[in-house]
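> sequence and predicted model, in that order:
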Amino acid sequence: MKILFINTDKADYLQDLIYSGLRKISSNIRDYPLNLTYHLNIRKYPKNLGYSRANFFKNLKAYFDITPKNADMVIVGSSHPNSFLNYLKIIREIPKSIPIVFVDGGDREEIAGDLIRFKCYKLWEDAIKIRPFDFIFKREYLKNKEYPDNVYPLPFSINPDIIEVPENVIKNKDVNFWAVNSHPVREKAFNILRQRFGDSDIKLFNEMKKYFFRDKEYVSRYCRYKIGISLRGNGWDTFRYWEIPYFELLMVTTDLDIVIPDDFQDGKHIIRCRSDLSDLIEICDYYLKNDLKRNEIIKSAKTHLLNYHTNFHRARYLIDIVRK
């Protein structure tokens, strides 16, 4: 299958995870325009989610073989304005027989809602006026909202190839909550948790770039904790929701109002607290005291994650739906 993957060069979690997942299925993918971060590991984690270990020069063959006219599938990888500007350059070259897919990884519940946030919604209107999308895959696919029949849920995932969990980590830290202050529930959790666990492990940042470490240092420090807290931000789906089980912490979170196929089960893979966080401290204290139960859930969660929620699984899910 030949895939033309229209992208933005800006880091975009869902776009990049889908691209790297597709690379595990097929080498017949052309990123348009050429995105060097997909072929060279030049960004620090987690900005390198699209990086593929496939041979760069072997990948170049796709740039000569795949065009808008002969692709078997065209994917618009994000709701970033750059992706739509690139798409509109070639949209009229794509035959009607070729399915066009839109991957909407934005924070908003509306389809292409990020283009509203960027004040570029006319790009969406221009695109669908020429040709509506055949398939739409949406990160923030709400449980209680009706979507057209061609819209499917597609949450984040994990790319195990770009980061490794250190072996024999000493779990000498209790509870971690590092988050950007993007929703009132995070600020509430911060105020509750810091009183019990202190300022060194409970941190709330005003913006993403204020994070004080990334890449391997981030991973090595994060893996030392026994429990990780994941709470919604601007969107319900967060990358932390997938990181915590991969880094082998017990995840405590609330119910999420989005559809996640094969989601983690409460009590088996993760622990869900009340939406008002009234039992958050009680849950943390209980599982800090019960090592055997905590480690059993952590092990079950990572197995489930690797069986259902890697970038490979997301890419396979997308392809299977389009092929139907």
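Arrived safely. Residues are numbered from 1 along each chain as shown.
> need the helices for this structure, in chain order.
Using DSSP state H, the helices assigned to the chain run over residues 13-23, 56-59, 61-65, 81-90, 113-117, 121-130, 184-197, 215-222, 240-246, 280-289, 291-308, 311-323.
> so of those helices, which one's packed in deepest?
helix 13-23 (a mean of 26; mean count of other Cβ atoms under 10 Å). C-beta: built from backbone N, CA, C; applies to glycine.
> output the contacting helices and strands for that one.
When contacts are defined as 3 or more Cβ pairs under 8 Å, 6 or more residues apart in numbering; DSSP states H and E, helix 13-23 sits against strand 3-6, strand 29-32, strand 100-104, helix 311-323.
> cutoff 6 Å now
helix 311-323 (3 or more Cβ pairs under 6 Å, 6 or more residues apart in numbering; DSSP states H and E).
> which of the helices of the chain has the lowest average pLDDT?
In terms of average pLDDT, helix 56-59 trails the rest of these, at a mean of 72.
> list of residues touching that one?
For helix 56-59, the surrounding residues in contact (Cβ atoms under 6 Å, 6 or more residues apart in numbering) are residue 39.
> would you put the C-alpha positions of it in PDB?
The C-alpha coordinates for helix 56-59 follow below in PDB (Å, rounded to 0.1, in the frame of the first residue of the first chain):
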ATOM      1  CA  PHE A  56      16.800   7.000   5.700                       C
ATOM      2  CA  PHE A  57      18.100   6.400   2.200                       C
ATOM      3  CA  LYS A  58      15.800   3.400   1.700                       C
ATOM      4  CA  ASN A  59      12.900   5.700   2.700                       C
END
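> distance to residue 148 added to the helices of the chain, as TSV?
Shown next, in TSV, are those (distance: least, Cβ to Cβ, whole Å):
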stretch	distance to residue 148
helix 13-23	19
helix 56-59	34
helix 61-65	31
helix 81-90	19
helix 113-117	15
helix 121-130	12
helix 184-197	30
helix 215-222	39
helix 240-246	26
helix 280-289	37
helix 291-308	26
helix 311-323	14
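> so which of these comes closest to residue 99?
Nearest to residue 99, of all the helices of the chain, is helix 311-323, at 5.5 Å by Cβ to Cβ.
> export the closest one to PDB, keeping only CA atoms.
This file holds the C-alpha atoms of helix 311-323, laid out as PDB (Å, rounded to 0.1, in the frame of the first residue of the first chain):
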ATOM      1  CA  ASN A 311       1.800   3.300  17.700                       C
ATOM      2  CA  PHE A 312       1.800   0.100  15.600                       C
ATOM      3  CA  HIS A 313      -1.700  -0.800  17.000                       C
ATOM      4  CA  ARG A 314      -3.100   2.600  16.200                       C
ATOM      5  CA  ALA A 315      -1.700   2.500  12.600                       C
ATOM      6  CA  ARG A 316      -3.100  -1.000  12.100                       C
ATOM      7  CA  TYR A 317      -6.500   0.100  13.400                       C
ATOM      8  CA  LEU A 318      -6.600   3.100  11.000                       C
ATOM      9  CA  ILE A 319      -5.600   1.000   8.000                       C
ATOM     10  CA  ASP A 320      -8.100  -1.800   8.800                       C
ATOM     11  CA  ILE A 321     -11.000   0.700   9.000                       C
ATOM     12  CA  VAL A 322     -10.100   2.400   5.700                       C
ATOM     13  CA  ARG A 323      -9.700  -1.000   4.000                       C
END
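> that one - contacts with which helices or strands?
So helix 311-323, by 3+ Cβ pairs under 6 Å, 6+ apart, packs with helix 13-23.
> between the helix it packs on and helix 81-90, how big is the angle?
Per axes from the mean of the first three to the mean of the last three Cα atoms, to 10 degrees, the angle that helix 13-23 makes with helix 81-90 is 60 degrees.
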